[in-house]
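>>> structure, please.
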Amino acid sequence: MDLNKCSPIKTGQVNNVGDNDEPYPSLSDYHDYEPNLEFDDSELHQTPDAIAHTAELIHIESNRMSSPVCEFTEDNFEEELAEACEENFDSLFCSTSYPEVGDTSPEKFADISKYGIVDVKGDDSDGRKIIVVYACKLPPVKEIDHTLFLSYLKYTLESYVKQDYSLIYFHYGLSSKNKPSLGWLIQAYKAFDRNYKKNLKALFLVHPTNFLKFVSQIFRPLISAKFGRKLNYIHTLKELNEFIPIEKLDIPQEVIEHDKKIGGHIPPSNVDHFQPSSPTQQFGVTLQTIKEFYNVVIPPVVRHCVEYLDQPDALETEGIFRRSANAVRVRTLKEVANLGQRPNFEDPHEAAVLLKMFLRELKEPLLTYELYDEIVQFQCWNKDEQLRQVSTLIMEKMPEDNYKVLKYIISFLSRVMERSDLNKMNAQNLAVVFGPNLVWSEIVSMSLNAIGPINMFTQFLLIHHSKIFMY
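Just a heads-up that it's a prediction; the model follows:
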C-alpha cells in the first residue's frame, strides 16, 4: 500500500466531494463482480516486516512531534500509544473480536442517547445529511458500555448512510478519562461495513491534535486510498463554516471557548444570507415572492425539476434523491434558475439535488414554522386519530399556496414510490430524504430527536396521500 496516498489532506484542502470519487473505472462498474471494498481483510494479515515497519513509522512520528497534546500531557499518552502499538500491533490488527450489532432493542439505547454524543443535523449545502459526533460529550469510560455505544451508532446511522452523507467529528474534549481503547476504535472501523464508508462523501475532523494524527497513522493499514481522500482536517470553526453553516450544529459552548483560545473566530449567523438579488430569484426567498413575480403558484424551478424527473428513465434511476451531484454543476443550475431560465439537466441526480436545495433554502419551510411543534409530536398522536389530525393540519392550517405546492410535490413522489422496485425509493427512504427539507424550527436547530418524528410524519403523508389531499 502506498502510504502517501492515504494521508489526510492539508488544512484548507477540502475535497471537491461533489465530483466522482473514483478517478478510474473498475471492472465492478460494468460487471457483476465483487466490488472494490473500502476495507480489505487481506490487508490485516501483513507480514511481520510490514507490521514492524508501520510501528516504526509511528514511533518516529511520536519522537518528532514538537508540541505536546494538551489533553494527554499528564498521562504522556502519545508515548504510551506508540509503545502499545509496537508491542501489540499484530494482535490489534488481526483481532477478529467484533462487537455484535443488531440484537439490541432500541429501548436499551436510552442510557447512550441521553449523552447526545451523536446527532443528525439536516442537510449540508450539497444536499447530504450531516452527522455530528462530539468527543466532549463522551462520559468517563467507567460510565459507558462502548460495545452498546457502537450498536447505538449503527442503529442510529443506518437510516442515513443509505444516502450520501457528511460526518463531522469535534475532537476537543477527548481525554484520558473518556477515550475509548485503541482496540475498540479498530473494532469499530471493522464493524462499519462498506455502505457506511461508500456513501460517506466527506469526513471533517475539527480541532485535530497530535493524538488524532497518531490514530490516522495507526489506521493506515486499514484505510483505503479512496477513503483517505475523504478526510479533511479543520482547525477552526470559521474554516468549518465555509462548508457547513455552524449555526446548524449546536456546537457545545466548551468547544466554542476552545476555538477562541486557539485564535478562531466564529463568523456571524447566516440567517439573512439569502436576500433577493433580482426579481427573478427563486432560491432563498418566500413562495409569495416567487408568485408575485412569475404569477404562478408552483415555482418554475420546482416544475422544471419535476417534469424532468417524471420521465420513465429518471423515475427508474436507482438511488434517485440519495445521491449527490457535481457541486459545480448544481451551483450553475441554481444560478440559471435564479435568472428565471429553465435549467438544462444532464442527469436525474442534478434535478433531484436542485429540488431538495430549493425546498431547503426557502425563506420559510413549506410546512411553515407554525406547524413545527405539532409535527414533532406526531409519534404521540393516537394511531386511530392520525389520519384525521394530519388531514386537518394539512387542509386547514397550511396556507393555500403552501398546500398546493406540497400537493404537487407529494403527488410526484407517489409516482417515484410506484417505481420503488427499480429506484429503491419507498415511502420510508423518501421520508428520510425529504422530511428535514419540508419542516424545521425557526429557533431550534435540527436534531436527531426532531428528525425522527418529522420523518415519520412525512412517511405517513406519502403512504396516505390519496386520503389526505383533495383531488
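
>>> any low-confidence regions in the stretch 151-300 of the chain?
In the prediction, the stretch 151-300 of the chain carries residues with pLDDT under 70 at positions 195, 213, 215-228, 267-277.

>>> the helices in it, which residues?
When secondary structure is read from DSSP state H, counting those that start in this stretch, the stretch 151-300 of the chain shows helices at 182-191, 194-198, 210-218, 225-228, 237-241, 253-261, 287-294, 300-309.

>>> which one of the ones you listed lies closest to residue 401?
Comparing the helices of the stretch 151-300 of the chain against residue 401 with CB to CB, the closest turns out to be helix 287-294 (5.3 Å). Placement of C-beta: from N, CA and C, glycine included.

>>> tilt between that closest one and helix 300-309?
90 degrees (axes from the mean of the first three to the mean of the last three CA atoms, to 10 degrees).

>>> need the contact partners of helix 287-294.
With CB atoms under 8 Å, 6 or more residues apart in numbering as the test, helix 287-294 has contacts from 276, 279-282, 296-297, 299-300, 340, 362-363, 366, 401-402, 405.

>>> residue 433 is nearest to which of the helices of the stretch 151-300 of the chain?
If we rank the helices of the stretch 151-300 of the chain by CB to CB, the stretch that ends up nearest is helix 300-309, at 13.1 Å.

>>> list the buried ones in that closest one?
In terms of neighbour count (16 or more other CB atoms under 10 Å), helix 300-309 has its buried residues at 300-302, 304-306, 308-309.

>>> now do that helix: distance to the chain's middle.
A distance of 25 Å separates the centroid of the chain from that of helix 300-309, by CA atoms, centre = their mean, to the nearest Å.

>>> which other helices and strands does the following helix or strand past it contact?
Taking DSSP states H and E as the definition, the helix or strand that follows helix 300-309 towards the C-terminus is helix 312-315. Using 3 or more CB pairs under 8 Å, 6 or more residues apart in numbering; DSSP states H and E as the contact definition, the elements that helix 312-315 packs against are helix 348-360.

>>> now the helix it packs on: average pLDDT?
For helix 348-360, mean pLDDT is 95.

>>> circling back to that earlier point, which of the buried residues of helix 300-309 sits closest to residue 266?
Once CB to CB is applied, the member of the buried residues of helix 300-309 that ends up nearest residue 266 is residue 301, at 32.7 Å.

>>> for that closest one, what are its contacts?
If you count contacts by CB under 8 Å, 6+ apart, then residue 301 has 282-283, 337, 343, 354-355, 358 around it.

>>> quick one: which of the residues you listed is most hemmed in?
residue 354 (26 neighbours; other CB atoms under 10 Å).

>>> test my guess that residue 238 contacts residue 265.
Yes: counting by CB atoms under 8 Å, residue 265 is a contact partner of residue 238 at 5.2 Å.

>>> looking at the two, which one has more neighbours?
Here residue 238 and residue 265 are set side by side on neighbour count (other CB under 10 Å), and the busier one is residue 238, at 15 against 10.

>>> longest helix in this protein, please.
Across the chain, the longest stretch assigned as helix under DSSP state H is helix 400-418.

>>> does residue 203 touch residue 232 like I think?
Yes: using CB under 8 Å, residue 203 makes contact with residue 232 at a distance of 6.6 Å.

>>> what's the average pLDDT for the longest helix of the chain?
Taken as a whole, helix 400-418 has an average pLDDT of 96.

>>> run the angle between that helix and helix 348-360 for me.
150 degrees.

>>> contact partners of helix 400-418?
Applying CB under 8 Å, 6+ apart, the contact partners of helix 400-418 are 287-288, 291, 297-299, 302, 306, 309-310, 315, 320-321, 355, 359, 366-368, 394-395, 398, 423, 425-427, 430, 434, 438, 461-462, 465-466, 469.

>>> list buried residues within the residues you listed.
Neighbour counting with 16+ other CB under 10 Å marks 287, 297-299, 302, 306, 309, 315, 320-321, 355, 359, 366-368, 394, 398, 423, 425, 427, 430, 434, 438, 461-462, 465, 469 as buried within the contacts of helix 400-418.
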